[in-house]
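Asker: Sequence and predicted structure below; questions after.
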Amino acid sequence: MAITNEELSVISGWKKWNDAQNMLYHNISNQAFQHLKDRTDKIETLKTEGQWLKRQQEVKQILMQIVGPFPEKTPLNPKTTATIKKNGYLIEKIIFESRPDFYVTACLFIPDGITDKAPVILNPIGHSDNAFREKLYQIVILNLVKKGFIVLTYDPIGQGERVQYFDPEKGRSLIGWSTCEHSYVGSQCFVCGSSFARYRLWDGIRAIDYLMTRDEVDPQRIGVNGISGGGTMTSYVSAFDERVLVAAPECYITGFKRLLESIGPQDAEQNLYHGIANGIDHADLLEVRAPKPTLIMATTRDFFSIQGARETYDEVKKAYRAFGKEENLSMTEDDAPHDSTRKNREAMYAFFQKHLDLAGNPKDEEVEFLSDDELKITENGQVSTSIGGKTVFDINKADAEILIKDLDNSRKNLFEHLASVKESAKTLSGYIHPDRTPKYIFLGRYQHEGYFVERYTLDGEGDYVIPLILAIPAKSGKHPAIIYIHPKGKSGCYEEIEFLVKKGFAVLAPDLLGTGETGEAYITESAYSVWYNVFFGATQISRSILAIQAGDIVRSVRYLESRDDIDLNDISAIAYRQMCPTLLHASMFEDTIRKIALIEPLVSYNSVVMNRYYNTRFIPSLVAGALTAYDLPDTASCLAPRNLLMFNITDQNGNKAESELIDRELSIVRSTYSATNSEKNLVIRDCENDQYIMEIISYWLG
């Protein structure tokens with residue numbers, strides 16, 4: 001009788017674990033909460049203006065460290081593609097370069113009758129494919145113009161006329177709508193130790209640089225307002241650019257504690273590289289501006305928690321009070337969902353009018369909406385097909401090339417390099433080594449012909465368990481053991497488990513955190529947007545999904561070591577597809593794993609960041625900042641002289657890698673095994689017929 005679903009279902013029916021699919025998320029969140037508590041404890045000690053000034057300097061340094069470095073300011077090369085005269089104002093359609101060949105499409109709205117330098121509002125908008133052409137944004141822009149403000153708005157990266165993966169034949173992005181594009185390339189940025197926030201923020205800073213070239217603009221009276229993703233950019237630009245006098249972020253400000261308790265980490269740019277681990281919260285983006293005028297705009301039914309917004313307002317108010325400028329901080333809220341409301345808009349108009357010294361009526365007025373065609377800036381409606389230029393991928397790739405070159409130079413001193421790889425991988429991945437045997441719960445045993453199947457849970461690093469089954473031969477004595485790691489957990493490899501146990505191996509198949517019974521929410525390909533957000537959350541706390549799962553593998557080893565029917569000198573591990581990088585890291589940190597077999601492993605992180613397209617199934621396998629110090633072939637090299645089998649190596653798309661790519665990426669692995677006189681212990685091969693793979697592996701295992 002084959003292993004049944006009943007045997008594979010270890011924790012179902014236990015009320016204690018009825019939220020098992022969120023265990024990974026809760027583990028990351030709980031660690032974030034501790035960082036945030038440590039931050040709150042520091043904030044509560046700040047009483048005086050001097051203490052807040054010191055805090056501001058610390059935060060500015062941290063923000064530059066985790067968002068920067070920014071490129072040098074190069075010529076904007078602005079071009080006006082057209083002008084439109086409307087009733088009461090003029091529109092200039094503009095293209096400028098925030099970086100060389102990196103084009104920003106924008107519209108400058110200039111009210112009629114300006115005789116002196118006027119205040120200006122930068123309006124970075126939220127996540128809509130049509131960007132500022134949406135009526136939601138036009139209401140704000142045109143009302144501000146009616147009240148005498150110059151307004152500059154622009155297409156965010158991946159939106160409007162700046163779609164990064166635009167397909168002319170389909171007339172749309174090949175990746176998906178704006179947040180999909182942001183997360184897709186944002187993950188590549190993180191692997192290089194950078195962030196998508198840096199690109200978005202730099203566009204905003206350079207937009208202000210452009211405004212400084214305009215004779216109509218008063219450089220002392222600059223305001224910023226945007227909603228949702230535009231609220232994020234309002235907060236960022238206003239925190240980083242000293243030229244911003246007044247900031248009004250809308251439907252974004254909350255606090256990471258409430259965000260993590262509710263909807264969780266969001267779009268790529270809303271997550272800073274190691275941000276929470278460095279003590280950064282939403283409040284810091286506002287406190288660093290104190291005592292400059294700031295208005296928090298919120299709605300009570302927003303998915304950005306209103307409770308978090310109120311708590312942030314209360315904290316930021318302490319900073320303004322210390323500066324003696326409590327009146328410069330305000331908050332407006334309306335009973336509405338995630339949206340711009342008349343009440344909040346009118347509060348914003350009045351706030352800008354007061355603090356930018358422009359008298360007028362703050363009431364919301366009816367506006368005549370502009371058509372998409374009237375607001376089209378490039379000839380074809382897309383930068384990519386009209387003028388070309390670079391994408392974020394192109395720029396990040398160039399950065400990655402420098403990192404890879406540095407890695408190649410480091411590899412020339414092979415063993416010194418590999419020693420540093422172990423330390424760097426531990427730090428960058430956020431790996432925590434489990435030195436003691438985990439507590440476990442025995443949940444029953446099933447008898448089969450020639451073997452038993454036992455069910456257990458092991459305690460993880462936090463408040464979660466690792467469900468597993470152990471298939472063990474009925475024959476007494478000490479058995480060689482195999483830990484089998486599959487993306488779907490134990491349910492994805494039960495046929496292999498049965499095959500191997502009948503060959504005499506004890507086979508332990510765990511549901512690493514986020515897989516199997518602890519990962520139903522992450523199983524399907526369509527759910528990789530969920531993986532993005534969990535990956536971003538882990539990056540915020542200087543951890544990785546991979547490192548947490550690698551720790552679970554080592555806990556499985558520790559459990560095997562506690563048994564008297566396991567041959568401790570013969571523990572092997574097999575991983576499949578996206579779990580291969582996890583096993584590589586675990587094996588690098590745990591010498592007890594004597595033989596490692598990787599089935600369809602990703603050839604390198606390098607391949608993911610150096611190619612425009614990659615398979616999103618690899619998201620949980622990525623380590624933020626990895627390429628600043630190592631790549632997957634380096635981790636494989638650290639296993640020498642242990643036995644390493646690599647089967648059907650794949651490229652970044654999950655397809656079988658070309659031999660040229662394998663030879664180039666794995667040259668360091670072959671060199672290391674040669675230098676340790678263990679070439680015979682490294683086996684790299686293809687197998688066209690999957691049914692033969694287990695036969696080959698069992699032969700290789702001996």
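Answerer: The structure has been received and is ready for your questions.
Asker: For the rest of this, base every contact and every neighbour count on C-alpha atoms.
Answerer: Fine.
Asker: For the lowest-mean-pLDDT helix or strand in the chain, which residues meet the burial criterion?
Answerer: Within the chain, no helix or strand scores below helix 693-701, which has a mean of 83 by mean pLDDT, DSSP states H and E. By 16 or more other CA atoms under 10 Å, the buried positions in helix 693-701 come out as 693, 697, 701.
Asker: any idea how far Cys189 is from Lys397?
Answerer: 9 Å (CA to CA, to the nearest Å).
Asker: neighbour-wise, which of the two wins?
Answerer: Cys189 (28 against 21; other CA atoms under 10 Å).
Asker: out of everything not next to it in sequence, what's closest to that one?
Answerer: Spatially, and ignoring its direct neighbours in sequence, Cys189 is nearest to Ser195 (5.1 Å; CA to CA, 6 or more residues apart in numbering).
Asker: Looking at the one you found now. What's its pLDDT?
Answerer: For Ser195, the pLDDT comes out at 96.
Asker: Need the residues touching each of Lys397 and Cys189.
Answerer: Residues touching both Lys397 and Cys189 by CA atoms under 8 Å, 6 or more residues apart in numbering: Val609.
Asker: circling back: number of nearby residues for the residue nearest to Cys189?
Answerer: Using other CA under 10 Å: Ser195 sits among 27 other residues.
Asker: how about it, what does it touch?
Answerer: 67, 186-187, 189, 268-269, 272-273 are the contacts of Ser195 under CA under 8 Å, 6+ apart.
Asker: Compare those and tell me which has the most neighbours.
Answerer: Neighbour max across these (other CA under 10 Å) = Tyr273, 31 neighbours.
Asker: phi, psi of that residue?
Answerer: phi -60, psi 110 (degrees, to the nearest 10).
Asker: Same question for Ile545.
Answerer: Ile545 has phi and psi values of phi -60, psi -40 when expressed as degrees, to the nearest 10.
Asker: That one - nearest residue in space that isn't next to it in sequence?
Answerer: Take Ile545 and drop its neighbours on the chain: the residue closest to it by CA to CA, 6+ apart is Pro620, 5.8 Å away.
Asker: Can you give me every residue that contacts the one you found?
Answerer: 531-532, 535, 544-546, 578.
Asker: which SS state does it fall under?
Answerer: With DSSP: H, G, I helix; E, B strand; the rest coil as the basis, the three-state label of Pro620 is helix.
Asker: how much distance is there from stretch 165-173 to the middle of the chain?
Answerer: Remark: stretch 165-173 is offset 25 Å from the chain centroid, using CA atoms, centre = their mean, to the nearest Å.
Asker: now the strands for the stretch 251-400 of the chain?
Answerer: 294-299, 329-334 (DSSP state E, counting those that start in this stretch).
Asker: among those strands, which is the most enclosed?
Answerer: strand 294-299 (a mean of 26; mean count of other CA atoms under 10 Å).
Asker: Show me what that one is in contact with.
Answerer: Here strand 294-299 has contacts from 246-253, 286, 306, 309, 313, 328-339, 344, 348, 351, using CA under 8 Å, 6+ apart.
Asker: Ok, stretch 556-564 next?
Answerer: Stretch 556-564 has contacts (CA under 8 Å, 6+ apart) with 435-438, 458, 478, 481, 483, 508, 510, 566, 568, 571, 592-593.
Asker: So which bits of that stretch are buried?
Answerer: So for stretch 556-564, counting by 16+ other CA under 10 Å, buried means 556-561.
Asker: quick check, nearest of those residues to Ser637?
Answerer: Nearest to Ser637 among the buried residues of stretch 556-564: Val557, at 21.2 Å, using CA to CA.
Asker: And the pLDDT at that closest one?
Answerer: Val557 is given a pLDDT of 98.
Asker: so after the host helix or strand of it, what's the next helix or strand?
Answerer: Using DSSP states H and E, Val557 falls within helix 545-561. Downstream of helix 545-561, the next assigned helix or strand under DSSP H and E is strand 566-576.
Asker: Check the offset of that next one from the chain's centre.
Answerer: Here strand 566-576 is found 33 Å from its chain centre; the criterion is CA atoms, centre = their mean.
Asker: possible to save the buried residues of stretch 556-564 as TSV with distance to Leu152?
Answerer: What follows is the buried residues of stretch 556-564, written out as TSV (distance: CA to CA, whole Å):
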residue	distance to Leu152
Ser556	57
Val557	59
Arg558	60
Tyr559	61
Leu560	63
Glu561	65
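Asker: Widest-spaced pair of those residues?
Answerer: Ser556 and Glu561 (8.7 Å).
Asker: Please enumerate the strands of the stretch 551-700 of the chain.
Answerer: Shown for the stretch 551-700 of the chain, the strands assigned by DSSP E, counting those that start in this stretch span residues 566-576, 593-599, 643-647, 682-685.
Asker: Out of the ones you listed, which is closest to Lys422?
Answerer: Nearest of the strands of the stretch 551-700 of the chain (CA to CA): strand 593-599, 15.9 Å.
Asker: I'd like to know which elements the closest one is packed against.
Answerer: Secondary-structure packing of strand 593-599 (3 or more CA pairs under 8 Å, 6 or more residues apart in numbering; DSSP states H and E): strand 566-576, helix 580-589, strand 643-647.
Asker: relative to strand 643-647, how tilted is it?
Answerer: Going by axes from the mean of the first three to the mean of the last three CA atoms, to 10 degrees, strand 593-599 is angled at 10 degrees with respect to strand 643-647.
Asker: What strand or helix carries the residue positioned nearest the centre of the chain?
Answerer: In the chain, the residue lying closest to the centroid (CA atoms, centre = their mean) is Phe536, at 3.0 Å. Per DSSP H and E, Phe536 falls inside helix 528-540.
Asker: circling back: return the member of the contacts of Pro620 nearest to Asp364.
Answerer: Of all the contacts of Pro620, Asp364 sits closest to Tyr532, with 38.6 Å by CA to CA.
Asker: How about the contacts made by that closest one?
Answerer: Contacts of Tyr532 (CA under 8 Å, 6+ apart): 183, 187, 619-620.
Asker: Distance to Ile157 added to the residues you listed, as TSV?
Answerer: Converted to TSV, these look like this (distance: CA to CA, whole Å):
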residue	distance to Ile157
Ser183	12
Ser187	15
Ile619	21
Pro620	24
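Asker: and the residue nearest to Thr341 when sequence neighbours are not counted, what are its bridge partners?
Answerer: Distances taken as CA to CA, 6+ apart place Asp334 nearest to Thr341, at 7.2 Å, with adjacent residues excluded. Beta-bridge pairing of Asp334 under DSSP bridges involves Thr299.
Asker: one step back: sort out for me which of the contacts of strand 294-299 are in helices.
Answerer: 286, 306, 309, 313, 344, 348, 351 (DSSP state H).
Asker: which of these has the most neighbours?
Answerer: Neighbour counts for the ones in helices among the contacts of strand 294-299 (other CA under 10 Å) peak at Leu286, which has 28 neighbours.
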